[in-house]
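[1] generate a structure from the sequence data that follows.
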Amino acid sequence: FMGRNTPAYCASLDFLLERINYERSTPLPYTKQHYRLNRMRRLLELLGDPHLACPVVHIAGTKGKGSVAWLLSETLRRAGYRTGLYTSPHLVDLEERFVVQGEQCQPEELVELVDLLRPAAAELSEGELGAPTFFELTTAIAWLHFRKSKTDIAVIEVGLGGRLDSTNVCSPELAFITSISLDHQQQLGETVGRIAGEKGGIIKNGVPVISGATSSEATAVIEHIAYQMNATL
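    Residues are numbered from 1 along each chain as shown. I've put the predicted structure just below:
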């Protein structure tokens with residue numbers, strides 16, 4: 001695709017890929033020092049809070065969250081809603097992460113979106129919150145793309161965990177938690193219960209949640225969080 005061979009597109013990718021990328025870090029840190037939701041909130045504030053432009057369905061889980069996100073976005077699209085879908089990681093091209101109406105973002109659109117990000121990223125980098133990470137920037141790109149595309153609803157997949165994930169600054173209409181098992185134990189905890197607690201961090205006060213957790217340990221944690229948050233489970 002010629003759009004990916006242009007200097008502008010290559011510069012946009014370089015701008016993103018030169019950032020700290022915890023998707024490729026080993027071992028992967030997972031603390032408030034590394035995942036700063038205040039930084040993500042400030043980044044979005046500088047961009048005009050695009051994450052508030054349309055309703056959100058938020059999806060976390062160990063396995064199946066990508067499939068659930070795609071199936072749900074297609075269901076909504078075919079029901080007549082203009083739908084955005086944000087998933088990670090991508091297989092070949094970064095633009096796969098940003099989908100509207102079943103079509104991934106075009107290279108030319110990505111260049112425009114990155115250009116919108118640059119001033120906000122520069123301002124953050126000079127402040128006490130520090131430079132935004134690769135995933136923070138790509139998450140912001142998704143919401144910018146959805147706002148520009150005037151989506152009716154956005155389906156957002158968590159990157160890692162849930163509680164401290166950059167996507168967890170949204171105010172969803174509905175939360176999904178898919179199956180829960182041992183994954184990223186160094187970051188999320190050594191037991192299914194602790195991991196469930198991290199995934200359950202996407203549950204918001206009064207917001208309905210659908211859970212696919214089946215183990216008694218995970219189910220008990222999700223039920224407890226939902227009860228605390230007055231969220232219909």
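[2] now residue 131. Nearest residue, chain neighbours left out?
    Using C-beta to C-beta, 6 or more residues apart in numbering and skipping the chain neighbours, the partner closest in space to residue 131 is residue 125 (4.0 Å). Using the backbone N, CA and C atoms, a C-beta is placed for each residue, glycine as well.
[3] I figured the one you found hits residue 136, correct?
    No. At 11.7 Å, residue 125 does not count as touching residue 136 under the criterion of C-beta atoms under 8 Å.
[4] where does pLDDT dip in the protein?
    1-2, 22-35, 182-190 (pLDDT under 70).
[5] which residue is nearest the centroid of the chain?
    Nearest to the geometric centre of the chain sits residue 167, at 3.8 Å (C-alpha atoms, centre = their mean).
[6] now the strands for this protein?
    Ranges of strands in the chain, per DSSP state E, are 56-60, 83-86, 98-100, 103-104, 153-157, 174-177, 209-211.
[7] what about residue 67, how many residues nearby?
    14 (other C-beta atoms under 10 Å).
[8] try residue 36
    18.
[9] contacting residues for it?
    129, 130 (C-beta atoms under 8 Å, 6 or more residues apart in numbering).
[10] with the one 10 residues further on instead?
    Residues near residue 46 by C-beta under 8 Å, 6+ apart: 119, 120, 123, 124.
[11] of those, buried ones?
    Taking 16 or more other C-beta atoms under 10 Å as the criterion, what is buried in the contacts of residue 46 is 120, 124.
[12] tell me the one of the contacts of residue 46 nearest residue 73?
    Comparing the contacts of residue 46 against residue 73 with C-beta to C-beta places residue 120 closest, at 26.8 Å.
[13] I'd say the closest one and residue 50 touch.
    No. Counting by C-beta under 8 Å, residue 120 sits too far from residue 50 to count as a contact (11.0 Å).
[14] any shared contact partners between the two?
    residue 140.
[15] how about the helix ranked longest in the chain: buried residues?
    Ranked by residue count and defined by DSSP state H, the top helix of the chain is helix 107-125. Using 16+ other C-beta under 10 Å as the test for burial, helix 107-125 gives 107, 109, 110, 111, 113, 114, 116, 117, 120, 121, 124.
[16] between those, which is nearest residue 82?
    Among the buried residues of helix 107-125, and counting by C-beta to C-beta, the member closest to residue 82 is residue 109, at 15.8 Å.
[17] contacts only, for residue 196.
    The contact partners of residue 196, taken as C-beta under 8 Å, 6+ apart, are 180, 213, 217, 218, 221, 222.
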